[in-house]
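> Next input, structure requested:
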Amino acid sequence: MAIPYPQVVLFGDSLFQGAIDLMEGFSFQAALQAQCNRRFDVINRGLSGYNTSNALKALPNIFAPPTPGGPKLQYLFVLFGANDACMPLPTNQQHVPLAKFKENLTRIITHPNITAHKPKIFLVTPPPLDEIHITKLDLAFGHPAATRQAKVSASYSEAVRQVAAENPGVTLVDLWKALMDAAISQTPGFDAEKTTANLGDPECGVRGHLEYLLPDGLHMSAEAYRIFYNIVRPHVGSEWAGTTDEDLAGYVLPEWREAPWLEEDQPSGSSI
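The predicted structure follows:
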């Protein structure tokens, strides 16, 4: 087994599990790993279908306290809420009440197995919901009604904002806002100031560009993951931000010309 580098961990539901996928030539996780190459390992702990109650139970099996030879948790991105916000239907058991969701989220980011590492913690709001489209899919699948509602999902994103604000040192990554702003800007003729309902809400009646950002109404497209990466990117590796490829700040192991274990008979300027 390779000795691990400090870690960037993506802890969440299917929205992080899918971050590893290659879509239209782009992978969120691969892009982030390329940014962190030789400095951090990007670890995916996205668990499809999980809500925050599931996550709390799984957490001790994912995050261990620091040990002398173990990896250090450097950055933690937490993205839950899409499943917690499910409607409490007889055909779906993922719902977590809003107050409990906030409590669970707080318990996750303050869990001793995590705080012992003193990582930089980021809370990510779940993305918008295209309820217009997801309702059609849910009814066709046999649910008695939509499993998710746009306004309810938005309230869970707001809860994430509140938890981030209530916990000093925790940074908010507002994915909901980034995607909704992108959808509005690319929906011709839609004026968000003239309606209280968002794109994708049946009350609004317009899916707009959410159709392309959330192909099934919930999960993200390559375009959406690119937007996500662009709002995450500035937060990772501030110590080498703006440097050139020749700047090796933060490398776990030195550049080959400076490696202290060069063979004595090997000129330091040669490569093999």
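> Nearest spatial neighbour of Pro215, chain-adjacent residues omitted?
Ser221 (5.4 Å; Cβ to Cβ, 6 or more residues apart in numbering). Placement of C-beta: from N, CA and C, glycine included.
> hang on, I meant Ala249
Trp240 (4.4 Å).
> burial measure for that neighbour, as a count.
When counting by other Cβ atoms under 10 Å, one arrives at 16 neighbours for Trp240.
> close enough to count as contact, it and Arg39?
Yes - using Cβ atoms under 8 Å, Trp240 is in contact with Arg39, at 7.4 Å.
> which neighbours do the two share?
Gly250 (Cβ atoms under 8 Å, 6 or more residues apart in numbering).
> neighbouring contacts of stretch 126-135?
15, 79-82, 85, 145-150, 153-154, 156-157, 160, 175-176, 179-180, 183, 198-202, 205, 207, 210-211, 213-214, 216-218, 220, 224.
> Buried subset of those residues, written for ChimeraX?
Listed next is the ChimeraX selection for buried residues among the contacts of stretch 126-135, using 16 or more other Cβ atoms under 10 Å:
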select :15,79,80,81,82,85,146,147,148,149,150,153,154,156,157,160,175,176,179,180,183,198,199,200,201,207,210,211,213,214,217,218,220,224
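> among the contacts of stretch 126-135, which are in helices?
15, 150, 153-154, 156-157, 160, 175-176, 179-180, 183, 210-211, 213, 224 (DSSP state H).
> for Asp41, what are its contacts?
Each residue near Asp41 by Cβ under 8 Å, 6+ apart is listed here: 4-8, 33, 71.
> Report the separation between the closest residue to it other than its chain neighbours and Ile43.
Spatial nearest neighbour of Asp41, chain neighbours left out: Tyr5 (4.6 Å); criterion: Cβ to Cβ, 6+ apart. Going from Tyr5 to Ile43 by Cβ to Cβ, to the nearest Å gives 10 Å.
> who wins for neighbours among the contacts of Asp41?
Neighbour max across these (other Cβ under 10 Å) = Val8, 27 neighbours.
> follow-up on the earlier one: assess the claim that the residue nearest to Pro215 and Leu214 are in contact.
Yes - Ser221 sits in contact with Leu214 when judged by Cβ under 8 Å, with a separation of 7.0 Å.
> you'd agree Ser29 is up against Val42?
Residue 29: Gln, not Ser. Yes - with contacts counted by Cβ under 8 Å, Gln29 reaches Val42, the gap being 5.8 Å.
> anything in contact with each of these two?
Residues within reach of Gln29 and of Val42 at once, by Cβ under 8 Å, 6+ apart, are Leu10.
> hmm, back to that, phi, psi of the residue nearest to Asp41?
Main-chain torsions, Tyr5, degrees, to the nearest 10: phi -80, psi 170.
> now do Val124
When quoted as degrees, to the nearest 10, the phi and psi of Val124 stand at phi -110, psi 130.
> who touches the nearest residue to it once chain neighbours are set aside in this structure?
Counting by Cβ to Cβ, 6+ apart, Leu79 is the residue found nearest to Val124 once chain neighbours are left out, at 4.0 Å. Contact analysis of Leu79 by Cβ under 8 Å, 6+ apart lists 10-13, 15-16, 46, 124, 126, 175.
> For Ser48, give its distance to Val96.
Distance from Ser48 to Val96, by Cβ to Cβ: 16 Å.
> I meant to write Asn83 there.
Distance from Asn83 to Val96, by Cβ to Cβ: 8 Å.
> Comparing those two, which residue is more hemmed in?
Set Asn83 next to Val96 and count neighbours by other Cβ under 10 Å: Asn83 wins out with 30 against 23.
> tell me the phi and psi of that one?
Backbone torsions of Asn83, given as degrees, to the nearest 10, read phi -90, psi -40.
> you'd agree Asn44 is in a strand?
Yes - the assignment for Asn44, made by DSSP: H, G, I helix; E, B strand; the rest coil, places it in a strand.
> Glu239 reaches Gly250, doesn't it?
Yes - the criterion here is Cβ under 8 Å, and Glu239 meets it with Gly250 at 5.6 Å.
> Between those two, which is the more surrounded one?
A count of neighbours by other Cβ under 10 Å puts Gly250 above the other of Glu239 and Gly250, at 14 against 8.
> what stretches of the stretch 151-272 of the chain score poorly on pLDDT?
241-247, 261-272 (pLDDT under 70).
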